[in-house]
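> I'd like to go over a predicted model; first the sequence, then the structure.
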Amino acid sequence: MGIKNELIAEIKDFLRIYKIAPTTFGSKCMNNPAFISRLMDPDGRITDATIDRVRVYIRKYRRKASTVTE
C-alpha cells in the first residue's frame, strides 16, 4: 500500500469516526471542498507537505475532540 492509499484510508476512518462529510473535511483542512475527490483520482499526486498538513489537522481535531468529551 502506497503512502497516498494509506492517507486515504486514514482520512476515511477519520470521516467515519467523527461523522464528517468529505467536503467539510476538505474545506476545513485544505480550504478546498473538492480535496477528497481530487485525492481519490488515481492519476493525482500528493506532496509531502499536503500529507503533513492533513495528518496535523487530524491529530489536532482528535486532541480537541478528546478534551471536549472528558
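Perfect, I can see it now. Residues are numbered from 1 along each chain as shown.
> need the helix or strand of the protein with the lowest average pLDDT.
The weakest-scoring helix or strand in the chain, judged by mean pLDDT, DSSP states H and E, is helix 48-69 (a mean of 92).
> contact partners of it?
3, 7, 10-11, 14, 18, 28-30 (Cβ atoms under 8 Å, 6 or more residues apart in numbering). In short, each C-beta sits where N, CA and C put it, glycine included.
> what's near enough to touch the residue positioned nearest the centre of the chain?
Geometric centre of the chain, nearest residue: I11, 4.1 Å, by Cα atoms, centre = their mean. Counting by Cβ under 8 Å, 6+ apart, I11 makes contact with 25, 36, 39, 54, 58.
> any idea how far G2 is from it?
For I11, the distance to G2 equals 14 Å [Cβ to Cβ, to the nearest Å].
> could you do F35 as well?
18 Å.
> which one of those two is surrounded by more residues?
F35 (20 against 8; other Cβ atoms under 10 Å).
> nearest spatial neighbour of the more buried one, skipping sequence neighbours?
Counting by Cβ to Cβ, 6 or more residues apart in numbering, F35 lies nearest to G26, which is 3.3 Å off, once chain neighbours are set aside.
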